[in-house]
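**Q** give the three-dimensional model of this entry:
(one chain, ligands or ions: 2)
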Amino acid sequence: MVKFSTAFFYSIFLLFAHQGCLTSEAHCPSCSTDSLSFRQAFFFPPIHFPEDNYPTECRLELGKKLFHDPQLSADGQTSCASCHALTGAFTDGQSVAVGHDQHQGMRNTPTLFNVGWQPYLMAEGGVKSLEQQALAPLLSTHEMFNSSQGLPTAILKNECYQTLSQKAYNRDLDFYTVVRALACYERSLISYDTPFDQAYYFKKRRMSPEAERGWQLFQSDKLACIQCHALPFFTDYQFYSIGVADSTDLGKERESYHIENRYQFKTPTLRNIELTGPYMHNGSLRTLEDVVEFYNRGGDWHPKQQDHRIRPLGLTPQEKLDLVSFLESLTDWNAVQNHSFLPLNQ
Ligand code: HEC
Ligand code: HEC
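**A** Ligands and ions are numbered 1, 2, ... in the order given. Model prediction:
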């Protein structure tokens with residue numbers, strides 16, 4: 001074991017020492033312009049790609065580098081990955097996101113794993129594609145704050161980006177290529193290899209007895225978790241008010257202008273949920289135990305839009321533990337440690 005870890009650290013050292021000798025231009029990955037298919041689970045539906053943005057290696061590499069580059073923001077300090085960090089399953093551990101110049105946002109950062117399957121984005125579902133979504137943080141004062149005049153000079157002058165942009169989209173780097181490359185990278189963020197999947201889909205290994213009991217509760221008519229957090233992504237992509245106390249965020253009404261949508265939010269995926277706390281659109285619940293307590297008491301406030309399934313559940317202490325164990329069986333440790341999601345020089 002000791003020998004193994006010494007060798008491991010030595011190889012990491014060599015890797016960095018080697019990279020240290022390279023110029024920034026040499027960091028530029030070589031890439032193929034052939035179309036690429038992402039490895040994904042047999043139990044996920046086919047992923048939909050827009051006609052002008054089928055994945056290729058060059059598009060993916062460009063998106064991966066841009067996603068992790070703070071120079072994409074006006075102050076040179078905030079990248080997409082500042083909030084969507086791999087180690088947190090592409091979240092930041094904050095209640096609500098903090099962006100450019102320490103501006104406080106109003107929402108909790110969601111995971112980006114399996115985001116390619118989302119039919120619409122954001123908690124009110126107002127954004128239709130990842131290409132369209134990527135523009136929002138680039139222009140938002142709370143996040144990265146570039147003026148719509150153009151991209152930062154440091155990005156435009158980067159020869160590697162220009163080369164990749166030409167190879168990927170046959171044109172110079174601009175907002176058109178940046179948002180498409182970011183979206184291409186985001187569609188590659190696929191995660192499915194969890195203890196739950198091993199047991200339920202691959203039928204290779206059992207879950208722990210606690211997690212198995214939690215899974216039974218999760219599917220039960222009484223708890224009805226699975227009715228909204230549906231397989232295989234643990235979301236039905238619909239909108240509900242579940243009684244998270246917050247009178248400032250109108251939720252889906254912001255997008256639909258219908259009062260019946262007030263305080264309704266998109267059902268979030270529960271894959272990798274153990275790593276994506278704090279929870280709920282405003283990050284008001286700190287731990288999974290807090291979330292289970294929240295459902296057990298039937299939510300915290302009761303606007304008339306609240307879904308009828310959210311009501312006191314009367315769970316025993318053991319049932320609460322079982323439910324948390326089940327939620328923890330949805331963590332894909334291989335994915336969050338998979339460095340191929342990061343650019344080479346990270
Ligand atoms: C300051 C933190 C921050 C930065 C920087 C940031 N995001 Fe986000 N991101 C968020 C928050 C918070 C939300 C949730 C917004 C909402 O629901 O209203 C979000 C939502 C998203 C979503 C929608 C996910 C869903 O489930 O609907 C995508 C996609 C996304 N971000 C991609 C990006 C990309 C690409 C970048 C870089 C160009 C980026 N983000 C930069 C905080 C951030
Ligand atoms: C009526 C649909 C519905 C039911 C039933 C339901 N949920 Fe949810 N769940 C949601 C919605 C919508 C949210 C997001 C609410 C928000 O952000 O304000 C959510 C949020 C969560 C979160 C936090 C996710 C995150 O990323 O912040 C967890 C964990 C969770 N639910 C687990 C459960 C469990 C366990 C049950 C069963 C006891 C359950 N849910 C029942 C719709 C539902």
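**Q** give me the low-pLDDT residue ranges for the stretch 1-150 of the chain?
**A** Within the stretch 1-150 of the chain, the stretches with pLDDT under 70 are 1-26, 99-102, 147-149.
**Q** how about the residues of it that lie near ligand 1?
**A** 78, 80, 82-84, 97, 99, 105, 107, 109-110, 112, 115, 118, 121-123, 130, 133-134, 137-138, 143-144 (Cβ under 6 Å from any ligand atom). C-beta here means a position set from N, CA and C on the backbone, and glycine is covered the same way.
**Q** can you do 5 Å?
**A** 78, 80, 83, 97, 99, 105, 107, 109-110, 121-123, 133-134, 137, 143 (Cβ under 5 Å from any ligand atom).
**Q** so the residue nearest in space to the middle of the chain versus ligand 2, what's the distance?
**A** The geometric centre of the chain, computed from its C-alpha atoms, lies nearest to Leu112 (Cα atoms, centre = their mean), at 1.6 Å. Counting by Cβ to the nearest ligand atom, to the nearest Å, the gap from Leu112 to ligand 2 is 12 Å.
**Q** again, but for Leu121
**A** Using Cβ to the nearest ligand atom, one obtains 14 Å as the distance from Leu121 to ligand 2.
**Q** contacting residues for the residue nearest to that residue when sequence neighbours are not counted?
**A** In space, and not counting its chain neighbours, Leu121 is closest to Val127: 4.3 Å by Cβ to Cβ, 6 or more residues apart in numbering. Taking Cβ atoms under 8 Å, 6 or more residues apart in numbering as the definition of contact, the neighbours of Val127 are Tyr120, Leu121, Gln133, Ala136.
**Q** just the ones in helices from those residues, please.
**A** Secondary-structure check on these using DSSP state H: residues within helices are Gln133, Ala136.
**Q** is it true that the residue nearest to the centre of the chain touches Ala85?
**A** No: using Cβ atoms under 8 Å as the test, Leu112 is too far from Ala85 to be in contact (10.1 Å).
**Q** hmm, which two among the residues of the stretch 1-150 of the chain next to ligand 1 are most spread apart?
**A** With Cβ to Cβ as the measure, no two of those lie farther apart than Thr78 and Ala123, at 20.6 Å.
**Q** mind checking how far Val179 is from Cys225?
**A** Separation of Val179 from Cys225 (Cβ to Cβ, to the nearest Å) stands at 35 Å.
**Q** check Met280 too.
**A** 15 Å.
**Q** again with Gln318
**A** Relative to Cys225, Gln318 is positioned 17 Å away (Cβ to Cβ).
**Q** same question, Ser140
**A** Applying Cβ to Cβ, one obtains 33 Å for the distance of Ser140 from Cys225.
**Q** more neighbours: which of those two?
**A** For Ser140 versus Cys225, neighbours defined as other Cβ atoms under 10 Å are more numerous around Cys225 (21 against 15).
**Q** confidence score at the nearest residue to that one once chain neighbours are set aside?
**A** Closest residue to Cys225 apart from its sequence neighbours, by Cβ to Cβ, 6+ apart: Phe218 at 4.5 Å. pLDDT, the model's per-residue confidence, is 98 for Phe218.
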